[in-house]
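Q: Take a look and give me a structure for this.
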Amino acid sequence: MKIESIAISKKKGTRKKQVDQASLLEDHGIEGDAHAGPWHRQVSFLASESIQKAREQGLDVTFGDFAENIATSGIDWLKVPIGTKINLGDAAKVEITQIGKVCHNKCAIYYMAGDCIMPREGIFARVLQGGVIHCGDSVQID
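A: Have a look, this model is predicted:
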C-alpha cells in the first residue's frame with residue numbers, strides 16, 4: 001500500500017496539480033491546498049484503481065483530475081471505516097472522517113471528465129500528526 005500521487009489546488013472544485021511531496025500540517029491539512037483548514041475534510045483520498053477504472057470506461061483523466069489530494073494503490077477505501085487511523089510516510093497520521101460526499105452542484109471536474117467519482121469513492125480525513133509525505137511513501141492502516 002503506497003502513495004501513487006499527491007496533488008494540491010488553490011481553489012475548491014477544480015482539478016489539482018500533481019506535486020512530488022507535500023507537508024501535512026496537524027489539524028489543518030496539506031500546506032497550500034484549498035481544502036485545508038479547521039474542519040473534518042482536510043485531506044482527500046482516492047484509490048488509483050478507481051482512477052484507472054474511470055480511464056477504462058473512456059474518461060480522459062489522470063491523478064488530481066478528481067480533486068483528490070492523495071491517490072493510493074492497494075487499499076479499498078470503501079472498506080476502511082470512519083475513525084480508522086492511517087500512517088503516511090515516516091511521520092504523518094490522519095483519521096478517516098467521511099466516506100463519500102454530497103455534490104450539490106456539478107463542479108468543473110464533472111464537466112471536464114464527464115463524471116466525478118469523488119462523491120461515491122472519495123474518502124476524507126483530518127490530520128492528527130503532521131509530516132512531509134512523498135510519492136512512493138508507504139500507507140499503513142493503524
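
Q: Please identify the residue most distant from the middle of the protein.
A: For the chain, the largest distance from the centre (C-alpha atoms, centre = their mean) belongs to residue 58, which lies 21.8 Å off.

Q: Spell out the secondary structure type for that residue.
A: Secondary structure for residue 58, judged by DSSP: H, G, I helix; E, B strand; the rest coil, is coil.

Q: OK, contacts around residue 44?
A: 35, 67, 68, 69, 70, 118, 122, 123, 124, 125 (C-beta atoms under 8 Å, 6 or more residues apart in numbering). For the C-beta atoms, the positions are set from N, CA and C on the backbone; glycine is no exception.

Q: mind checking how far it is from residue 56?
A: Going from residue 44 to residue 56 by C-beta to C-beta, to the nearest Å gives 22 Å.

Q: do residue 47 as well
A: Residue 47 is 14 Å from residue 56, by C-beta to C-beta.

Q: Same question for residue 80.
A: 23 Å.

Q: Name the helix or strand of the protein that has the lowest mean pLDDT.
A: Using mean pLDDT, DSSP states H and E, helix 108-113 stands out as the lowest-scoring helix or strand of the chain, at a mean of 57.

Q: Counting neighbours, go ahead and name the busier of residue 47 and residue 56.
A: Taking neighbours as other C-beta atoms under 10 Å, residue 47 and residue 56 compare with residue 47 leading, 22 against 8.

Q: so the more buried one makes contact with residue 66?
A: No - here residue 47 does not reach residue 66: they are 10.8 Å apart, not a contact under C-beta atoms under 8 Å.

Q: what's around residue 90, how many residues?
A: 11.

Q: tell me the secondary structure for it?
A: coil.

Q: Quick one: residues contacting the closest residue to it other than its chain neighbours.
A: Closest residue in space to residue 90, ignoring its immediate chain neighbours: residue 131 at 6.4 Å, by C-beta to C-beta, 6 or more residues apart in numbering. Counting by C-beta under 8 Å, 6+ apart, residue 131 touches 23, 24, 88, 89, 90, 91, 92, 93.
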